[in-house]
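Visitor: structure, please.
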Amino acid sequence: MFIDTHCHLSLEDYENIDSVIQDNRQAGIKCIIISGCTKESIQESLKYADLYEDVYVTIGYHPSEASLTTEADILAFEELLSHKKVIGIGEIGLDYHYGKEDASLQKELFRKQMLLADKHHLPVVIHSRDATEETINILKEFPSVKGDIHCFSGSLETAKQYISMGYYLGIGGVVTFKNSKLFSVIQQIGISSVLLETDSPYLTPEPNRGKQNSSKYIPAIAKCIAEVCDLTIEEVSKITLQNTYRLFDLK
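Guide: Residues are numbered from 1 along each chain as shown. Okay, here's the model as predicted:
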């Protein structure tokens with residue numbers, strides 16, 4: 001059994017949500033954690049969490065929403081944190097891939113959501129793209145908050161730094177790509193701080209790269225990690241499930 005700790009599920013990407021859920025179950029996916037990271041996707045994600053017992057949600061405003069998010073949005077967002085299927089705040093963080101014109105707004109939004117995570121004792125799911133140093137510096141401001149570095153693809157040194165701060169690394173389809181250096185990092189750190197994710201509908205793992213991604217492909221990621229770390233797929237399942245239960249307080 002596996003848990004997809006980070007995916008996106010929307011009618012904008014999938015024609016039949018019920019079919020996606022059924023495919024996941026048949027593939028041995030115990031549950032999925034949807035990331036709602038815009039006002040619209042938060043509401044849609046909560047709807048699926050109410051409909052399906054094996055769907056949980058993390059909610060948070062993505063850094064791309066920094067210029068669109070108001071104080072009223074933050075207040076409304078905080079009220080949703082009491083929903084029984086909301087198990088974390090994310091994905092939140094910094095993204096400078098397309099420039100830093102709104103960097104100050106991104107950091108302000110990031111800190112506001114980290115404060116809420118601290119206040120409500122919830123883990124965070126961190127999005128960091130071309131902003132590693134500033135992301136780490138902000139995380140250090142909130143030492144009691146722990147979480148998941150979503151879609152980790154950094155260096156061994158960066159991995160060790162996040163882990164030393166109490167964070168887990170979300171590993172997805174990138175680890176299966178032939179030109180990826182991530183498998184070398186995983187080989188050296190092991191999987192005691194690894195979570196499995198797809199980030200579907202994006203970043204489909206080999207051998208299905210090029211197709212629409214789905215949580216049903218988690219076993220392909222687990223298989224790759226098992227081979228890299230000289231483990232059985234059952235061992236990868238057991239350890240990553242324990243990591244997920246521990247971080248998100250799932251049972």
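
Visitor: so Ile87 makes contact with His121?
Guide: No: if you go by Cβ atoms under 8 Å, Ile87 and His121 don't touch, sitting 11.5 Å apart. Every C-beta, even on glycine, is put in place using the N, C-alpha and C of the backbone.

Visitor: higher neighbour count, these two?
Guide: Taking other Cβ atoms under 10 Å, Ile87 and His121 do not tie; Ile87 has more neighbours (20 against 9).

Visitor: so where does that one fall, helix or strand?
Guide: Using DSSP states H and E, Ile87 sits in strand 86-95.

Visitor: ok, now Ile163?
Guide: helix 156-164.

Visitor: repeat for Ile3
Guide: strand 2-7.

Visitor: that strand packs against which elements?
Guide: strand 29-36, strand 194-196, helix 218-229, helix 233-248 (3 or more Cβ pairs under 8 Å, 6 or more residues apart in numbering; DSSP states H and E).

Visitor: okay if I get these as CSV plus mean neighbour count, mean pLDDT and distance to Ser67?
Guide: Formatted as CSV, the helices and strands packed on strand 2-7 follow (neighbours: other Cβ atoms under 10 Å; pLDDT from 0 to 100; distance: least, Cβ to Cβ, whole Å):
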stretch, mean neighbour count, mean pLDDT, distance to Ser67
strand 29-36, 25, 98, 19
strand 194-196, 26, 98, 30
helix 218-229, 21, 96, 34
helix 233-248, 18, 98, 30
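
Visitor: to Ala76, which of those lies closest?
Guide: Shortest distance between Ala76 and these, using Cβ to Cβ, is found for strand 29-36: 12.9 Å.

Visitor: tabulate the CA atom coordinates of that closest one in PDB.
Guide: Extracted in PDB, the C-alpha atoms of strand 29-36 (Å, rounded to 0.1, in the frame of the first residue of the first chain):
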ATOM      1  CA  ILE A  29      -3.100   3.500  -3.200                       C
ATOM      2  CA  LYS A  30      -4.400   3.700   0.400                       C
ATOM      3  CA  CYS A  31      -5.200   7.400   0.200                       C
ATOM      4  CA  ILE A  32      -4.200  10.600  -1.500                       C
ATOM      5  CA  ILE A  33      -3.500  14.100  -0.200                       C
ATOM      6  CA  ILE A  34      -4.700  16.800  -2.600                       C
ATOM      7  CA  SER A  35      -3.000  20.200  -2.500                       C
ATOM      8  CA  GLY A  36      -5.500  23.000  -2.900                       C
END
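
Visitor: can you state the direction angle for the helix or strand following that strand and strand 86-95?
Guide: The helix or strand immediately downstream of strand 29-36 is helix 39-51, counting by DSSP H and E. Helix 39-51 and strand 86-95 meet at an angle of 160 degrees, taking axes from the mean of the first three to the mean of the last three Cα atoms, to 10 degrees as the criterion.
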